[in-house]
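Trainee: Here is a sequence together with a model predicted from it:
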Amino acid sequence: MSLPNAEFVFLAACQTAMGDSELVNESFHLGGGLIAAGFCAAIGTMWSIRDEDGPRVAELVYKHLFADGRQPRATDTAEALQLAVTVLRDEGLPYERWIPFIHMGV
């Protein structure tokens, strides 16, 4: 699929990067499907997350990606997620609040 502006997608919902144990021959989850459709990178979650954590991590990720007025690039998204997760860890949140978030793609 031709998606010339499809750099990055942030999926701030539960289990957006988790397959289905009932459909073991199906390898795609929502995040993987969007990468297959043409996105360069994605952030999703492996497990359920708390309602406040998705928007908070998204805010921190996008804050890094848009810092200094720059245009976001897919190549910066893994670092942006790492920095966001580090903030949650430094705030003393338990690991189950920050560990579900994963990066896929470039």
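Mentor: Sure thing, it's come through. Residues are numbered from 1 along each chain as shown.

Trainee: can you give me the strands for this structure?
Mentor: Counting by DSSP state E, the chain has strands at residues 8-10, 41-45, 101-105.

Trainee: Grab the nearest non-local neighbour of the most centrally placed residue in the chain.
Mentor: Centroid check for the chain by Cα atoms, centre = their mean gives residue 43 as the closest residue, at 1.3 Å. Here the nearest residue to residue 43 in space, its sequence neighbours aside, is residue 10; by Cβ to Cβ, 6 or more residues apart in numbering that works out to 4.9 Å. The C-beta positions use only the backbone N, C-alpha and C, and glycine is treated the same way.

Trainee: how near is the one you found to residue 45?
Mentor: 10 Å (Cβ to Cβ, to the nearest Å).

Trainee: What part of the protein, helix or strand, is modelled with the least confidence?
Mentor: None of the helices or strands of the chain scores lower by mean pLDDT, DSSP states H and E than helix 30-37, at a mean of 70.

Trainee: returning to what we had before: right, and the residue nearest to residue 43 touches residue 60 too?
Mentor: No: counting by Cβ atoms under 8 Å, residue 10 does not reach residue 60; the two are 10.7 Å apart.

Trainee: For these two, indicate the residue with more neighbours.
Mentor: Taking neighbours as other Cβ atoms under 10 Å, residue 10 and residue 60 compare with residue 10 leading, 21 against 18.

Trainee: For residue 49, see how far away residue 40 is.
Mentor: Residue 40 is 23 Å from residue 49, where distance means Cβ to Cβ.

Trainee: Compare neighbour counts for those two and give me the winner.
Mentor: residue 49 (22 against 17).

Trainee: tell me the contacts of residue 40?
Mentor: 6-8, 74, 105-106 (Cβ atoms under 8 Å, 6 or more residues apart in numbering).

Trainee: Check the gap between the nearest residue in space to residue 84 that is not next to it in sequence and residue 4 for me.
Mentor: In space, and not counting its chain neighbours, residue 84 is closest to residue 60: 3.6 Å by Cβ to Cβ, 6+ apart. Noted for residue 60: a distance of 27 Å to residue 4, by Cβ to Cβ.
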